[in-house]
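Asker: Generate coordinates for the sequence data below:
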Amino acid sequence: MLTHTSRPRWIILGLLLCILVTSLLFFKESWWPLFQSAGMTTNEAKHIEQPMQDMGTMSGHSSMEMESSQAYAMVTPARQQLIGVTTALVSMRPLQTVIRAVGKVDYDEQRLTHINLRISGWVEDLFVDTTGQLVKKGQPLFTLYSQELVSAQEEYLLAMKANAQIQDSPLLETRHQTAQMVQSARDRLRHWTLKDAQIDELARRGKPQTYVTIYSPVAGYVIDKQVFKGTLVKPEMTLYAIADLSTVWVQAEVFEYEMPFVQVGQQGILTLAAYPGETFQGEITFIYPYLNQEARTNTVRLVFKNPKLRLKPDMYGTVQIQVNRGSKLVVPEEAVLDSGTRQIVYVVRGEGMFEPRQVTLGPKVGGYYEIVEGLALDERIATSGTFLLDSESKLMASSNMMGALGMGGIKMEQAHMGKMDMDMGKDKTMTGSGMAPANKTPAGASKKKAGDLVLGFSTNPSPARIGENRIQVIVSNQQGKPVSPAQVQLTFTMPMPGMRPATVPMSSSAEGTYEANVNLGMAGQWDLTILIQRAGQPDIRETFSVVAGGGRMSGMPGMSGMPGMSGM
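Answerer: Numbers count the residues shown, from 1 in each chain. Below is the predicted model of the structure:
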């Protein structure tokens, strides 16, 4: 609980916080006169203002945007070996794999027959009386007594007798009607499962048959029997189920993620525990249009020939489906970082640099991903240690952001220094002991031999400091004669994660002398690379290193010039 004494302290702290927020909101207006008094241009003022705006905008970014920011990852060869980074070339590779699925032998539904009757009656004699019994086509199943069937036979016999009596009639229409009656009675018997041979036998005998024999319409094995001797059977009853097992189905359960590789017409190999070392070959004929919700599998139907009846329904086995997608551009599975929204591969760029590259993936076959878009043949990528490279890349992206804020602080520091620094490098420069002509090389200059040239390198001030520095390069041949004309460029960067190099042209101030102003935004070592281009001569490139100093803070790089930071 807060005491009466501590309450005023919290009120004072709240007021101070409100004042601080208000001053930050009016940051631009409060510092604008200082920028003008320092002799800064509008563009320079905007350069100072922009990092502060970026700092405010950064707090409004979503966590997803911050997470997706990537930069080049810089890892030295020694550190790559330490963390186990390995690389490989993007290559064309034949994608082949085998899908293994659990399969169950089932009846061929197209060879399954159910036998029932179209009339009611009683079973007298039962010839096929056991389940599993082999039945041939046309084999007697049972005899049936049916009053409806007896009446139909009598109608047929009467129609035949009437037709025979009027054959000598002169009335053609009467003969035609009696013939139709005979055919109609015959069709009724045929529809009630009597065969033509049985009807012919009825006509020859001349009297109805009390018990009619019912024959099997197909060959196969009885897999279900619901008829017994003396049973009253009706049309809605299934008396027998007969299956032809010369061909069987195998229902294979393929996992959901493997379904893109399965197509109708592919071959499948079935192995069974009952027959170790033996294989049976079938073909995919149908892919069911729905999933098994619990197991997340899709049923695939294969058809197998079964001449020796070795494949018995309800057997379980393993179905192997060979997948061959041809030669594709692939990368190893370990090379891909999948965040769920995008897939990243790190491409080797040399000098310890790795580029994060977003790619579009095809299906994964075996241990390789098919590359649809994003990589080219023979590009070198990282295949292990990618999680550490990803962390380094995001750290570099953060370093880039802080570097931008630091440059804004350096500009602020120059605003405090006034016109004296703004005039630096035009006709005079400040050194540790006083003023010196701009074109005169300081005593601390260094020289290097590059190709057929000798380069003299120096900085003003010397040693270099944080902020503006004037870089001077004297180019001469082996005999000391100045080399002119030439195009000279200066590229400067800091050898640290996230620092991107900047390039400026160097102007000629005298014969063989080239100069440029650069802003070294942080304390520490800077690498400055000189590129010399001459007509008809090979390019010359040489790197010099300087150490910038003079900042007021040694903590966060680039923040030494921020207003109000010196007192922290």
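
Asker: Could you tell me which ranges of the stretch 401-550 of the chain sit under the pLDDT cut-off?
Answerer: Along the stretch 401-550 of the chain, the parts satisfying pLDDT under 70 run over 401-444, 497-499, 550.

Asker: what about the strands in it?
Answerer: Secondary structure of the stretch 401-550 of the chain (DSSP state E, counting those that start in this stretch): strands at 428-430, 435-437, 446-450, 453-460, 467-477, 487-493, 502-510, 513-520, 524-533, 540-548.

Asker: Please apply the same query to the stretch 101-250 of the chain.
Answerer: Using DSSP E, counting those that start in this stretch, strands in the stretch 101-250 of the chain cover 112-115, 121-126, 134-135, 140-145, 211-215, 220-225, 232-233, 240-243, 247-255.

Asker: what's the burial count for the closest residue to residue 333 other than its chain neighbours?
Answerer: Nearest residue to residue 333, sequence neighbours excluded (Cβ to Cβ, 6 or more residues apart in numbering): residue 367, at 5.0 Å. All C-beta spots, glycine's among them, are computed from the backbone N, C-alpha and C. Residues lying near residue 367 (other Cβ atoms under 10 Å) number 10.

Asker: Equivalent analysis for residue 357, please.
Answerer: Residues lying near residue 357 (other Cβ under 10 Å) number 15.

Asker: Kindly report the same for the one 4 residues further on.
Answerer: Residue 361: 17 surrounding residues under other Cβ under 10 Å.

Asker: contacting residues for it?
Answerer: Counting by Cβ atoms under 8 Å, 6 or more residues apart in numbering, residue 361 makes contact with 336, 343, 369-372.

Asker: Can you list which of those are found in strands?
Answerer: 343, 369-372 (DSSP state E).

Asker: By neighbours, which of the contacts of residue 361 wins?
Answerer: residue 369 (25 neighbours).

Asker: what's the closest non-adjacent residue to that one?
Answerer: residue 361 (4.9 Å).

Asker: Report the separation between the one you found and residue 349.
Answerer: The spacing between residue 361 and residue 349, counted by Cβ to Cβ, to the nearest Å, is 22 Å.

Asker: Residue 340 now?
Answerer: 26 Å.

Asker: just residue 205 next, same as before
Answerer: 100 Å.

Asker: swap in residue 118?
Answerer: For residue 118, the distance to residue 349 - Cβ to Cβ - is 82 Å.

Asker: In terms of packing, which of those two has more residues around it?
Answerer: Between residue 118 and residue 349, counted using other Cβ under 10 Å, the more crowded position is residue 349 (14 against 10).

Asker: Model confidence for the more buried one, exactly?
Answerer: Per-residue confidence at residue 349 stands at 87 (pLDDT).

Asker: what's the burial count for residue 141?
Answerer: Based on other Cβ under 10 Å, the number of other residues close to residue 141 is 24.

Asker: That one is in contact with residue 240, isn't it?
Answerer: Yes. With contact defined as Cβ atoms under 8 Å, residue 141 counts as touching residue 240 (6.7 Å).

Asker: what touches both of the two?
Answerer: Contacts common to residue 141 and residue 240, judged by Cβ under 8 Å, 6+ apart, are 115, 128, 216, 227.

Asker: Looking at the residues you listed, state which has the most neighbours.
Answerer: Most crowded among the shared contacts of residue 141 and residue 240, counting by other Cβ under 10 Å, is residue 115 at 24 neighbours.

Asker: wait, what's in contact with the residue lying closest to residue 456 once chain neighbours are set aside?
Answerer: Excluding the flanking residues, the one nearest residue 456 by Cβ to Cβ, 6+ apart is residue 474, at 3.8 Å. Going by Cβ under 8 Å, 6+ apart, residue 474 touches 441, 455-456, 482, 512-514.

Asker: For the residue nearest to residue 212 when sequence neighbours are not counted, report the pLDDT, please.
Answerer: Counting by Cβ to Cβ, 6+ apart, residue 212 lies nearest to residue 144, which is 5.4 Å off, once chain neighbours are set aside. Residue 144 carries a pLDDT value of 91.

Asker: tell me which of the contacts of residue 474 is nearest to residue 111?
Answerer: The nearest member of the contacts of residue 474 to residue 111, counting by Cβ to Cβ, is residue 455 at 90.7 Å.

Asker: How much space separates the closest one from residue 544?
Answerer: Here the criterion is Cβ to Cβ. By it, residue 455 lies 8 Å from residue 544.

Asker: Give the residue spans of the stretch 251-400 of the chain that score low on pLDDT.
Answerer: For the stretch 251-400 of the chain, the stretches with pLDDT under 70 are 398-400.

Asker: re the thing from before, need the max-distance pair from the shared contacts of residue 141 and residue 240.
Answerer: Distances among these were taken as Cβ to Cβ; the most separated pair is 216 and 227, at 12.4 Å.

Asker: Now do the shared contacts for those two.
Answerer: With Cβ under 8 Å, 6+ apart, residue 216 and residue 227 have common neighbours 141, 240.

Asker: in the sheet, who's paired with residue 251?
Answerer: residue 104, residue 301 (DSSP bridges).

Asker: what about it, how many neighbours?
Answerer: With other Cβ under 10 Å as criterion, residue 251 counts 17.

Asker: same question, the one 5 residues further on
Answerer: By the criterion of other Cβ under 10 Å, residue 256 has 12 neighbours.

Asker: Residue 458 now?
Answerer: Using other Cβ under 10 Å, residue 458 has 22 other residues around it.

Asker: so what's the nearest residue to it once chain neighbours are set aside up against?
Answerer: Spatial nearest neighbour of residue 458, excluding adjacent residues (Cβ to Cβ, 6+ apart): residue 445 at 3.8 Å. Residues near residue 445 by Cβ under 8 Å, 6+ apart: 456-458, 462.

Asker: Out of these, which is nearest to residue 246?
Answerer: residue 457 (91.6 Å).

Asker: tell me the centre residue of the protein?
Answerer: For the chain, residue 361 is the residue whose C-alpha lies nearest the centre (Cα atoms, centre = their mean; 4.8 Å).

Asker: Quick one: closest of the strands of the stretch 101-250 of the chain to residue 295.
Answerer: strand 247-255 (6.6 Å).
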